[in-house]
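A.B. asks: structure, please.
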Amino acid sequence: MGWAEHVPNQPPHQPRKRLMTLLLVIIMNALVGACIGLTGIAGFLLPMFYTGFMWLSPIEALVLSFAAFIVSGILGCPAYRKTGDLPLRASASLLAGSLIGAVAGTRVGLILPPAVLTVILYLVVLGSGASVLVRMRSDARRPGSADADGVRDFRQPSSLVLFAIGLITAVVCAASGAGGPVLVVPVLMLLGIPARQAVAMALLDSVAVGIPAAVGYFAGGSIGSEVWGLLPAALIAHGAGVLVGAANAHRINAGLLKTIVASGSILIALIKLAQLACG
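C.D. replies: Modelled structure (predicted):
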């Protein structure tokens with residue numbers, strides 16, 4: 001009796017493949033969540049992981065990513081609120097613009113062809129990683145930059161300016177899957193807002209972007225059953241990573257971690273873009 005006669009209709013390795021997929025999603029969400037808890041960045045790695053390594057469609061990747069960003073924003077903000085680093089009045093203007101921008105950005109993401117959306121995603125990841133390195137280098141050279149706690153005198157930007165920042169960045173984030181803080185934090189710091197307040201406002205802003213984006217992609221995209229199966233484990237792992245990272249933020253060199261995350265994201269984005277160009 002030949003080997004082919006023993007092969008069942010369903011490949012025997014299928015359950016093992018699903019288990020490996022689930023483990024990879026859990027590990028990646030936990031690591032990205034920990035990086036967000038430690039430094040406030042790294043969310044932009046999730047959609048690239050889902051499309052580039054899990055081979056999910058761009059819409060499915062955005063659904064899983066934005067759902068995770070909601071969790072990280074909700075879990076990350078209370079700690080900043082307790083220390084007085086989350087100005088709610090200023091954040092309200094930022095969030096108002098982001099809610100509108102996220103709806104518009106989600107519509108753009110649903111209209112664009114998957115191939116175009118994938119290219120945009122990798123380009124945003126590339127730009128995000130570069131912006132992190134540039135901002136770190138700029139902060140190191142500026143003698144009057146904020147210290148580790150972000151304490152310095154500054155003039156609060158107007159509500160209109162914050163609304164415009166939220167609107168514009170949310171369109172880009174919702175359409176591309178960028179986490180939000182990696183785009184919002186540099187802009188807020190450029191306006192003179194202390195580092196910790198900028199990170200806190202950006203985390204809260206990621207919730208305002210994530211909710212309409214996740215709902216919009218769920219409703220307007222074609223979401224496979226496997227994505228629904230991955231979602232609970234992904235969110236639990238991501239939330240656990242955020243809490244662990246936030247609890248140990250004082251024990252790690254945040255600058256080194258940011259450099260590693262940013263450099264790695266640039267390298268991966270360049271490789272993926274090159275593969276798309278050659279393919």
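
A.B. asks: just the element for residue 79, please.
C.D. replies: Element membership for residue 79 (DSSP states H and E) is helix 58-82.

A.B. asks: remind me what that helix packs against, helices and strands.
C.D. replies: helix 14-39, helix 45-52, helix 88-111, helix 114-141, helix 195-220, helix 225-247 (3 or more CB pairs under 8 Å, 6 or more residues apart in numbering; DSSP states H and E). Every C-beta, even on glycine, is put in place using the N, C-alpha and C of the backbone.

A.B. asks: tilt between the fifth one and helix 14-39?
C.D. replies: Angle between the axes of helix 195-220 and helix 14-39 is 150 degrees (criterion: axes from the mean of the first three to the mean of the last three CA atoms, to 10 degrees).

A.B. asks: how about helix 195-220: buried residues?
C.D. replies: 195-218 (16 or more other CB atoms under 10 Å).

A.B. asks: returning to that earlier point: and the helix holding residue 79, how far out from the chain middle?
C.D. replies: 8 Å (CA atoms, centre = their mean, to the nearest Å).

A.B. asks: and for the residue nearest to residue 169 when sequence neighbours are not counted, the neighbour number?
C.D. replies: Of all residues not flanking residue 169 in the chain, residue 183 sits nearest, at 4.8 Å (CB to CB, 6 or more residues apart in numbering). Neighbour count for residue 183, taken as other CB atoms under 10 Å: 26.

A.B. asks: by contact count, what packs against the helix or strand that contains residue 183?
C.D. replies: Assigned by DSSP H and E, residue 183 belongs to helix 181-190. When contacts are defined as 3+ CB pairs under 8 Å, 6+ apart, helix 181-190 packs onto helix 114-141, helix 159-176, helix 195-220.

A.B. asks: give me the angle between the first one and helix 14-39.
C.D. replies: Yep, that's helix 114-141 we're talking about. Using the same axes, to 10 degrees: helix 114-141 against helix 14-39 is 30 degrees.

A.B. asks: likewise for the second one?
C.D. replies: Inter-element angle recorded for helix 159-176 and helix 14-39: 160 degrees (by the same axes, to 10 degrees).

A.B. asks: report all helices and strands that helix 159-176 contacts.
C.D. replies: helix 88-111, helix 114-141, helix 181-190, helix 195-220.

A.B. asks: what residues does it touch?
C.D. replies: 47, 66, 90, 93-106, 108-109, 112, 117, 120-121, 123-124, 157, 178-180, 183-184, 187-188, 191, 205, 208-209, 212-213, 216 (CB atoms under 8 Å, 6 or more residues apart in numbering).

A.B. asks: redo that, cut-off 6 Å
C.D. replies: With contact meaning CB atoms under 6 Å, 6 or more residues apart in numbering, helix 159-176 is reached by 93-94, 96-98, 100-102, 104-106, 108-109, 120-121, 124, 180, 183-184, 187, 209, 213.
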